[in-house]
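Visitor: with the sequence up front, the predicted model follows.
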Amino acid sequence: SRPMSSSRATALLQGEEKEAADAGAPAEPEPEQLSIAWPTFACWAYFASAALCTPAMPSFCNALTSGDGSARVSGAGVDLKGTFESVDQLVTFFSDPIWGAVSDRVGRKPLQVLACAGIAVGWTTVSLSSSVAVLVAGRALDGFTSCMLPICQAAVQDRSTPETLSVRLGPL
């Protein structure tokens, strides 16, 4: 048998040391093993809260625009409802890509908390508003912090393999 070169012996020893060190360290979980329960719950809770508030908005807009505070349907009330929904969606359209980049740096959960706080403050501002400007500002705030769906989708993607991604995104 031929003698082993010193570089090969060193490489073998380093490999054995690495295996020994890896044996004591906890293994990183595979993406498939990570739960998607939190992002799914956060997303559903966020949209459930919006679904509970949204049906009251037409009456609220009509009452805000009518001179006597009644909730009778009026053209001004319909216009206001369309305006503040448009403001919310427009601000969301421009802010979601920004929040996606931020979530890559700071993590998903802090932005999920931000989105929950934003919807709470936004809808509270809307419900307490007595002027059109405050109503639109509340919806703009909600739109600016409305990053829940893309952040939850990114969290599920982080926890999925390419083979299971579509199945795991379905519940969102």
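Guide: Noted; the coordinates are in hand. If you're wondering where the values come from, they're calculated on a predicted model, not measured in any experiment.
Visitor: if I look at the most centrally placed residue in the chain, how far off is A48?
Guide: Closest to where the C-alpha atoms of the chain average out (CA atoms, centre = their mean) is M148, at 2.0 Å. Distance, M148 to A48, by CB to CB, to the nearest Å: 11 Å. Placement of C-beta: from N, CA and C, glycine included.
Visitor: number of residues surrounding L64?
Guide: 19 (other CB atoms under 10 Å).
Visitor: my guess is it meets G77, correct?
Guide: Yes - if you go by CB atoms under 8 Å, L64 and G77 touch, sitting 7.4 Å apart.
Visitor: residue contacts, the closest residue to L90 other than its chain neighbours?
Guide: With CB to CB, 6 or more residues apart in numbering as the criterion, L90 has its nearest non-adjacent residue at 7.0 Å, and that residue is G143. Counting by CB atoms under 8 Å, 6 or more residues apart in numbering, G143 touches 87-92, 95, 122.
Visitor: so which elements touch the helix ranked longest in the chain?
Guide: Criterion DSSP state H: the longest helix present in the chain is helix 75-106. Contacts defined by 3 or more CB pairs under 8 Å, 6 or more residues apart in numbering; DSSP states H and E place helix 75-106 against helix 57-65, helix 108-128, helix 132-144, helix 148-158.
Visitor: quick one, the last one and helix 75-106 angle?
Guide: Spelled out, it's helix 148-158. Per axes from the mean of the first three to the mean of the last three CA atoms, to 10 degrees, the angle that helix 148-158 makes with helix 75-106 is 30 degrees.
Visitor: pLDDT weak spots in the chain?
Guide: Applying pLDDT under 70 to the chain flags residues 1-34.
Visitor: quick check: the gap between T40 and S70.
Guide: From T40 to S70 the distance is 41 Å (CB to CB).
Visitor: looking at the two, which is more packed in?
Guide: Shown here are T40 and S70; by other CB under 10 Å, T40 has more neighbours (18 against 11).
Visitor: apart from its neighbours in sequence, what residue is nearest the more buried one?
Guide: In space, T40 is closest to P171, 5.1 Å off (CB to CB, 6+ apart).
Visitor: where's that neighbour, which helix or strand?
Guide: Using DSSP states H and E, P171 maps to neither a helix nor a strand.
Visitor: for it, grab the count of nearby residues.
Guide: 14.
Visitor: which residues touch the residue lying closest to G77 once chain neighbours are set aside?
Guide: Nearest residue to G77, sequence neighbours excluded (CB to CB, 6+ apart): N62, at 3.3 Å. N62 makes contact with 70-74, 77-78, according to CB under 8 Å, 6+ apart.
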